[in-house]
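Colleague: structure here, sequence nowhere to be found:
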């Protein structure tokens, strides 16, 4: 017993020491004692695997939010069925610019913040704006109510500045009529002199017709001498301008100068008359190679030359110095007459059938019809556009019909007797460059800067054939073959193309003449009178001759310094050719034919034969 008591005392002493060292253990032991707490239950165990329900909770929360969240107007797809209130709910939320952090997030389209586009017409806005400033009320664009002075709104029955009731209009008319009658009564009471005096207020009040008529106007005093002088000069300039506008071309005084000795010879024949012995030497043409004569009289380049029809005893030249000259070919070789009627360069010239008259077209927008002998201008035509080509109808009974290809894409037809435009052919898409009659002059072919050829029936402004290919270039010059079955077209891709003049107007792919350089220049193409040779100038001053059958280059002549723009074969002397260039010269070339050689050397053969006979026994 004593031992048990001692052991118990030792345990108590040990507990006291442990309490002093760790007083928290005492509280924990007291809480865990069976007397101070209920009995402890063990946690239940389950065999099912543990499930993460975080995503499910987020989905449910998002679904609850979408039931009350408005639609985003920027999205294209809605993943749920929105209600009516959601569809028509105003835009709000943290992403809207009206929110506290909206402008801070950079949602700004105005320097003061965010401005929304409103669906309101400008007329409605102006109506409500002016109504508010006049009456003090206006319609609220966000609803069906009004804002502003509602008493005035009720008094005016919702009237706007642009919608005045009918009874209000009648009321205003009656007031205006009454005011006019009162003014008339006042005018009757006034002195008749003041009523009839336009300078008085009474006359103004009686005769006013607008809000500004009541103001006094200063009476017009007499003009000073300086003002009268200025008015006369202004009227004169205006009249001159009006006259110039009627002519539609630059007005130039027509002049001419004869350079020969006499205009008629001792027999009374004119200098234009062809020589009686002018006949074709033979029908065979030869390529020239020697320079015979050079005509120099133009101060600038020569743009075109034309031989006198059928005889060729005269040659007409168009210069870029605005002058047209005619030269003698058979006798003296001098300039016979100068025609001065254009203020700018002459573009094209054309003789009539008998050569007694000719046409000129200049860059001054004028077309003039000249008398070859006297140099007088018979007619002058203009449409206000630049004529690029002029041509008379080749029929003898239609020599009064003029066709001109203009810079405004039209071909204009005049009757020179009445000086009226009888037809306009308007189908081209660019300036018209050439006019060539075919098919016994019943049709004509035109080329243009639109890189196409068009065939017209004469007198009918409808295209009967349209030729245009992607590979085609502009064709500034076209010439008709002597047999009238083919057309030679100068193409700006450095080749001459041949087209048929039959019904189909097809391109002859077997005939193509190349070797010269004409890109950028309107060098004229021509044929020899017998049709055996094709001739053309080029940009390097050369004149090229091709054989018609083989299409091979027959000969080239260095003719001019610069561009050789034109060339023409003499109509009677088949071995002579004239060329012109931008150096201002006209050159005449020839070759001694075999027949001429026989004539030249015939006396030698006769002498040889005579010597042989004398030597015979």
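Modeller: Alright, I've got the coordinates. A quick note: this is a predicted structure, and the numbers were derived from the prediction, not measured.
Colleague: need the pLDDT of the residue lying closest to residue 202 once chain neighbours are set aside.
Modeller: In this structure, residue 202 finds its nearest non-sequential neighbour in residue 194, 4.4 Å apart by Cβ to Cβ, 6 or more residues apart in numbering. All C-beta spots, glycine's among them, are computed from the backbone N, C-alpha and C. Looking at residue 194, its pLDDT stands at 70.
Colleague: do the same with residue 18
Modeller: For residue 18, pLDDT reads 55.
Colleague: give me the domain ranges for the protein.
Modeller: The chain breaks down by the TED database into domains covering 122-156, 256-261+285-596.
Colleague: off-centre distance for the first one?
Modeller: The gap between the average C-alpha position of domain 122-156 and the chain average comes to 50 Å, counting by Cα atoms, centre = their mean, to the nearest Å.
Colleague: just the strands in the stretch 151-300 of the chain please.
Modeller: 255-258, 290-296 (DSSP state E, counting those that start in this stretch).
Colleague: report the angle between the axes of the host helix or strand of residue 589 and strand 290-296?
Modeller: Per DSSP states H and E: residue 589 is located in strand 585-590. Strand 585-590 runs at 160 degrees relative to strand 290-296, counting by axes from the mean of the first three to the mean of the last three Cα atoms, to 10 degrees.
Colleague: what's strand 585-590 in contact with?
Modeller: Identification of contacts with strand 585-590 by Cβ atoms under 8 Å, 6 or more residues apart in numbering yields 288-296, 302, 305, 315, 317, 327, 329, 543, 557, 559-560, 573, 575-580.
Colleague: 6 Å instead?
Modeller: 288, 291-296, 302, 317, 559, 575-580 (Cβ atoms under 6 Å, 6 or more residues apart in numbering).
Colleague: what pairs with that strand, parallel or antiparallel?
Modeller: Taking DSSP bridges as the criterion, strand 585-590 pairs within the sheet with strand 290-296 (antiparallel), strand 576-581 (antiparallel).
Colleague: any idea how many residues pack against residue 156?
Modeller: 17 (other Cβ atoms under 10 Å).
Colleague: ok, now which ones touch it?
Modeller: By Cβ under 6 Å, 6+ apart, residue 156 has no neighbours at all.
Colleague: per-residue pLDDT, it?
Modeller: For residue 156, pLDDT reads 83.
Colleague: do residue 555 as well
Modeller: Looking at residue 555, the pLDDT reads 91.
Colleague: just residue 217 next, same as before
Modeller: Reported pLDDT for residue 217: 53.
Colleague: can I assume residue 397 sits in a helix?
Modeller: Yes: with DSSP: H, G, I helix; E, B strand; the rest coil as the criterion, residue 397 is part of a helix.
Colleague: those strands in the stretch 401-550 of the chain, which residues are they?
Modeller: Along the stretch 401-550 of the chain, the stretches classed as strands by DSSP E, counting those that start in this stretch are 401-406, 411-415, 420-425, 432-438, 443-448, 453-457, 460-467, 477-480, 486-491, 495-500, 507-514, 525-527, 533-537, 542-547.
Colleague: so which of these is nearest residue 146?
Modeller: strand 420-425 (64.1 Å; Cβ to Cβ).
Colleague: pLDDT of the closest one, averaged?
Modeller: 91.
Colleague: thinking again about what came up before, would you list the strands of the stretch 151-300 of the chain in a markdown table and tack on distance to residue 468 and mean pLDDT?
Modeller: Output for the strands of the stretch 151-300 of the chain, formatted as a markdown table (distance: least, Cβ to Cβ, whole Å; pLDDT from 0 to 100):
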| stretch | distance to residue 468 | mean pLDDT |
| --- | --- | --- |
| strand 255-258 | 43 | 91 |
| strand 290-296 | 40 | 91 |
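Colleague: appreciated, that's everything.
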